[in-house]
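**Q** okay, here's the prediction I keep looking at, along with the sequence it came from:
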Amino acid sequence: MDFAMIFFILVAALSVGAAVGVVTSKIAVHSALFLLVHFATLAILYITLNAQFLAAAQVIIYAGGIVILILFVIMLIGSGPMETRAAYRSWVPYAGLALGVLMLAGISLTLLQTPAAPIDPEANQGGVPIVVGLTLYSQNILLVQLAAILLLVALIGALLLARRPRPEESPTSNLQS
C-alpha cells in the first residue's frame, strides 16, 4: 500500500468521523465546528482527486461562508438546550420518516429509469469551472434538480423546527389555567 492510499484512508476516516460528530453532537457550536472539519477534509480529498477548483470553492463557500453564517446564527439565537414538542405531536416523527422514505423511493426510481450518461475522461480536467458546469447542467441536470428539491425540503424542515411555539401550544399554558 503506497503513501497516497494511506493518506486517502486517513483523511476519509477523519471526514466520516467529523460527519458523525455533526449529527451526534448535542451542543450546536460543537456541531458547527465538526461541520467545518468535515468541509476542510472534503477540500483535501478534492485536491487528491486533482480538482483544485472544487477544493477552493469548498473552502471559500462552505468552510468560509456557510459555517461562519451558522456560527453567527448560533451566537445570536443562543445555543441553549432546545425544548422538544414531540410529546404534544407524536405523529410528526412518523410523518417525517414516511415522507423521507417516499422521497428516497422517488429518487431511486428516477435514477433507475434514467439511462446512465457515458463517463467522459476529460470531464475532470482539474475541476475547471467550464467543464464542471457543462457536465453538471447538461448530463446531470436531473441530479441537480433532485438536490435542489432535497435542499428545499431541508429548509422547510428547519423553519418548522425553529419556529417559536404559540402561547396556546406552550407546555406551561395548560398549568396556568
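**A** Here it is on my side, so go on.
**Q** can you give me the helices for this protein?
**A** 3-24, 28-48, 52-57, 67-77, 92-113, 129-134, 141-162, 173-176 (DSSP state H).
**Q** adding mean neighbour count, write those out as JSON lines.
**A** C-beta coordinates here come from the backbone N, C-alpha and C atoms, glycine included. Formatted as JSON lines, those follow (neighbours: other C-beta atoms under 10 Å):
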{"stretch": "helix 3-24", "mean neighbour count": "13"}
{"stretch": "helix 28-48", "mean neighbour count": "19"}
{"stretch": "helix 52-57", "mean neighbour count": "17"}
{"stretch": "helix 67-77", "mean neighbour count": "13"}
{"stretch": "helix 92-113", "mean neighbour count": "11"}
{"stretch": "helix 129-134", "mean neighbour count": "13"}
{"stretch": "helix 141-162", "mean neighbour count": "11"}
{"stretch": "helix 173-176", "mean neighbour count": "9"}
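**Q** and those as CSV, adding mean pLDDT?
**A** As requested, these are exported to CSV (pLDDT from 0 to 100):
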stretch, mean pLDDT
helix 3-24, 92
helix 28-48, 90
helix 52-57, 85
helix 67-77, 78
helix 92-113, 81
helix 129-134, 77
helix 141-162, 80
helix 173-176, 53
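**Q** any idea how far Leu161 is from Gly78?
**A** Distance, Gly78 to Leu161, using C-beta to C-beta, to the nearest Å: 15 Å.
**Q** hmm, who's touching stretch 61-80?
**A** Residues outside stretch 61-80 that contact it (C-beta atoms under 8 Å, 6 or more residues apart in numbering): Ile27, Ala28, Val29, Ala32, Leu35, Leu36, Phe39, Ala40, Leu42, Ala43.
**Q** quick check, nearest of those residues to Gln58?
**A** Nearest to Gln58 among those: Ala43, at 4.2 Å, using C-beta to C-beta.
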